[in-house]
Every structure is written in structure tokens, then in C-alpha cells.
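In: okay, predicted coordinates and the sequence, questions at the end:
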Amino acid sequence: MIDTITDRIRWFVEDVAQNIVGLDVALFFQANPNVFDSVPGLARRVGRGPEEIGPALDRMAAAEVLEVFELGAGRYRCYALRHCEEAWGLLCHLSELYLDNPPARKQIIQMIIHARKHEQQPAEDA
């Protein structure tokens, strides 16, 4: 039942998650909603490099799914899931689609691939 992919999920996948790394980070926070950690700590938990997940964390913070906390007079940045119904509901819906609905999972992966192909195409000369 692919019709369960809403415009909000499409926006999140295409504009916020943007790639498999972003999707991994989003699914991690849905599965671990009480995590509060730095980029290096989250990278270890997700099994990715800090340079890979940093941009995804920043996009999710800009989209108000995650909160950013500056600690140690700004020397440390930590991220946590924003505790509001909208952010939680979005990640739960994404998780259900991706983990429990194979046709929707396929469509989510196709959205990511399509967005990457479109981004990598050289601009045509005018």
C-alpha cells in the first residue's frame, strides 16, 4: 500500500534525509528517542563516520526534528530528538513505512536514488 507516503514523508526523505545516511540517522533516533550525544558518539552508534552524519544531523535540526545543544561554551554540539508530537509522529510514520511496508520501502529508496541522480546530472548548456 504505497499511498501511505504522504507529502510530509516525501519532503522529509527528499529534502531532509536526502540519502541513505540521513535515513539511517532518522531511523536511529526513532528507535532511540532518548539519545543525547555528540556527532562522534552518534557516528559510532549509527556505524558511520562523523563527516557522513554531520550534514544529516544539521539538516534534521534545521527541519526541527532534532534539537542542538551547545555545551562547554560552544566547544561541543550534542543532538537529541525534539520532543514534540510532530517530530515523533513523522519519524514513527517513516519507520513504519520503511521497516514494515516493503512497497513503501522500495519507493523511499527510489526517491533517494532519483534525487541523487537528478543532483548529479550536469546542467545543460543554454
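Out: Looks like it arrived, so ask away. Remember, predicted model here, so these are calculated numbers, not experimental data.

In: neighbouring contacts of the longest helix belonging to the chain?
Out: Counting residues, the longest helix found in the chain (DSSP state H) is helix 102-120. Helix 102-120 has contacts (Cβ atoms under 8 Å, 6 or more residues apart in numbering) with 1-2, 4-5, 9-10, 13-14, 17-20, 23, 94, 97-99. (C-beta placed from N, C-alpha, C; glycine too.)

In: could you do stretch 57-65 as well?
Out: Under Cβ under 8 Å, 6+ apart, the answer for stretch 57-65 is 12, 15-18, 22, 25-26, 29, 39, 42, 66-68, 79, 81-82, 86-87, 90-91.

In: from those residues, which ones fall inside helices?
Out: 22, 25-26, 29, 39, 42, 86-87, 90-91.

In: what residues sit buried inside the lowest-mean-pLDDT helix or strand in the chain?
Out: Across the helices and strands of the chain, the lowest-confidence element by mean pLDDT, DSSP states H and E is helix 102-120, at a mean of 85. By 16 or more other Cβ atoms under 10 Å, the buried positions in helix 102-120 come out as 104, 107-108, 111-112, 115.

In: now do it: distance to the chain's middle.
Out: Centroid separation for helix 102-120 versus its chain: 14 Å, with Cα atoms, centre = their mean, to the nearest Å.

In: got it, and stretch 18-28?
Out: 4 Å.

In: for that stretch, output the C-alpha coordinates as PDB.
Out: C-alpha atoms of stretch 18-28 as PDB (Å, rounded to 0.1, in the frame of the first residue of the first chain):
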ATOM      1  CA  GLN A  18      18.400  13.200   1.300                       C
ATOM      2  CA  ASN A  19      20.400   9.900   1.300                       C
ATOM      3  CA  ILE A  20      20.800   6.500   3.000                       C
ATOM      4  CA  VAL A  21      22.900   8.100   5.700                       C
ATOM      5  CA  GLY A  22      20.200  10.600   6.500                       C
ATOM      6  CA  LEU A  23      17.700   7.800   6.500                       C
ATOM      7  CA  ASP A  24      19.800   5.800   8.900                       C
ATOM      8  CA  VAL A  25      20.100   8.700  11.300                       C
ATOM      9  CA  ALA A  26      16.400   9.300  11.200                       C
ATOM     10  CA  LEU A  27      15.600   5.700  11.900                       C
ATOM     11  CA  PHE A  28      18.200   5.600  14.700                       C
END
